[in-house]
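**Student:** Pasting a predicted model and its sequence here:
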Amino acid sequence: MRPTLALRNLRSIRATFQRPEAQSFLNSTFSPATQTMLAKRVGWTVVWYGAAVTGVLGWPLITSKLVYGNIAV
């Protein structure tokens, strides 16, 4: 999933809850199709941003493990 697609998913999720028919979503039940669609969008968005954060923050730990054989503090 590309970053632009992940951002589009966030916008789509927000737009889903801003529609007039979704304003009272806390007091109503979603249809199974809507639940599945939202779960997929939220899931892929979380996976993408989780991978991005791990990629940015994880490489110093991996490098130190390879170079020094342990985690450098």
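**Tutor:** Alright, I've got the coordinates.

**Student:** list the contacts for residue 59?
**Tutor:** Residue 59 makes no contacts at all, as judged by C-beta atoms under 8 Å, 6 or more residues apart in numbering. C-beta coordinates here come from the backbone N, C-alpha and C atoms, glycine included.

**Student:** Okay, and it sits in which element?
**Tutor:** Using DSSP states H and E, residue 59 sits in helix 32-68.

**Student:** so for that helix, what's the average pLDDT?
**Tutor:** What helix 32-68 shows for mean pLDDT is 81.

**Student:** Can you report how many residues lie near residue 53?
**Tutor:** Look at residue 53: counted by other C-beta atoms under 10 Å, it has 10 neighbours.

**Student:** Can you mark which positions in the helix holding residue 59 are buried?
**Tutor:** Buried positions in helix 32-68, judged by neighbour count with 16 or more other C-beta atoms under 10 Å: 41, 45, 48.

**Student:** and residue 6, how far is that from residue 32?
**Tutor:** 24 Å (C-beta to C-beta, to the nearest Å).

**Student:** Mind putting the buried residues of helix 32-68 into JSON lines with distance to residue 69?
**Tutor:** Listed next are the buried residues of helix 32-68 as JSON lines, based on distance: C-beta to C-beta, whole Å:
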{"residue": "41", "distance to residue 69": "42"}
{"residue": "45", "distance to residue 69": "36"}
{"residue": "48", "distance to residue 69": "32"}
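
**Student:** Sweet, I'm off.
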